[in-house]
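**Student:** fold the following for me, if possible:
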Amino acid sequence: MRWLDRVLGRSSEPALEADPMTQALAAANAGDYERALSIWEPLARAGVARAQNNIGACFAEGLGVPVDRSLALQWLRLSAEAGDPVGERNYAAFHMQDIEGTDADYGIAADFYRRAAEKGDGPAQDMLSWMLIEGEVMPADPLASRQWAEKAAGAGIATSMTRLGMFYHNAHGVERDAQKAAHWWQLAAEKGEADAQAMLGAALHMGSGVEKDSIAALVWLIRAQAGGSELAKPFVGPVRDSLSAADIAEAERRAAGPLPEAKS
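**Tutor:** The predicted structure is shown next:
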């Protein structure tokens, strides 16, 4: 897990250009974590919750400081308990792992993911949706899972878009709707989500919810494989077998190009 991927460029706090938090964020984005930490530390000690979260993230990843999971946990707890949604989310994520050799605490994780989700944090909404459909960390609730996935998808979270596609594909708590499934997979695929690319490729190959187009199917399946999706494997061979050598070459050419511009 990359903690600062969950921080940098995703602040929900408005800031003026000269604001210290903005200066620290710019330094961190430039890789100058020592400068960022020098700005965040006094703010964190003064009780600024987002600065506390950012320091915790740096200790978790060893950015500008040695890795220290104990200190990371202390700073993330302060941020989470102060009610910062990113701090709540990162504190929850920390408890999905072992902490200093102890067992993960999924109860804490679920509690703080929910707190962040209820404040509108998209990645937390996505995780809460996942936990509610998996049914391991908390009791399964497909309806609530879909509702949180819809909120996260509205915030642009591609994994929730993929999950919504699966809800409609598998008729999981909703009427089966191949068109809606393909719609959500298309949105997520255009954001680079590999599993969505695999499912969209399969849908295009079979003409499920979209017009059949085996060349486009192979384009998405190639991208899915490159992104590490295991879901692409069963479909790549049959799609290739259905195409001519020229069509395969065209698909490979298109797959090597940039993703199409994501639709709003």
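
**Student:** so for the helix or strand L143 falls within, what's the average pLDDT?
**Tutor:** Using DSSP states H and E, L143 sits within helix 142-154. Averaged over helix 142-154, pLDDT sits at 97.

**Student:** next structured bit after it?
**Tutor:** Next element after helix 142-154 (DSSP H and E): helix 158-170.

**Student:** right, and the helix or strand after whichever strand or helix holds A116?
**Tutor:** Using DSSP H and E, A116 sits within helix 106-118. Later in the chain than helix 106-118, the nearest helix or strand by DSSP H and E is helix 122-134.

**Student:** how about that next one: buried residues?
**Tutor:** Judged by neighbour count using 16 or more other Cβ atoms under 10 Å, the buried positions of helix 122-134 are G122, P123, A124, Q125, D126, M127, L128, S129, W130, M131, L132, I133. For every residue, glycine as well, the C-beta is placed using N, CA and C.

**Student:** now stretch 150-159
**Tutor:** For stretch 150-159, by 16+ other Cβ under 10 Å, it's E150, K151, A152, A153, I157, A158, T159.

**Student:** again, but for stretch 54-69
**Tutor:** Across stretch 54-69, burial judged by 16+ other Cβ under 10 Å covers N54, I55, G56, A57, C58, F59, A60, E61, L63, G64, V65, R69.

**Student:** state the mean pLDDT of it.
**Tutor:** On average, stretch 54-69 scores 95.

**Student:** coming back round to it: out of the buried residues of helix 122-134, the closest to L200 would be?
**Tutor:** If you rank the buried residues of helix 122-134 by distance to L200 using Cβ to Cβ, D126 comes first, at 19.1 Å.

**Student:** sorry, back to before: pipe the buried residues of stretch 54-69 into JSON lines and attach distance to A109 and secondary structure per row.
**Tutor:** Putting those into JSON lines (distance: Cβ to Cβ, whole Å; DSSP: H, G, I helix; E, B strand; the rest coil) gives the following:
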{"residue": "N54", "distance to A109": "20", "secondary structure": "helix"}
{"residue": "I55", "distance to A109": "21", "secondary structure": "helix"}
{"residue": "G56", "distance to A109": "15", "secondary structure": "helix"}
{"residue": "A57", "distance to A109": "17", "secondary structure": "helix"}
{"residue": "C58", "distance to A109": "21", "secondary structure": "helix"}
{"residue": "F59", "distance to A109": "19", "secondary structure": "helix"}
{"residue": "A60", "distance to A109": "15", "secondary structure": "helix"}
{"residue": "E61", "distance to A109": "19", "secondary structure": "helix"}
{"residue": "L63", "distance to A109": "23", "secondary structure": "coil"}
{"residue": "G64", "distance to A109": "26", "secondary structure": "coil"}
{"residue": "V65", "distance to A109": "24", "secondary structure": "coil"}
{"residue": "R69", "distance to A109": "15", "secondary structure": "helix"}
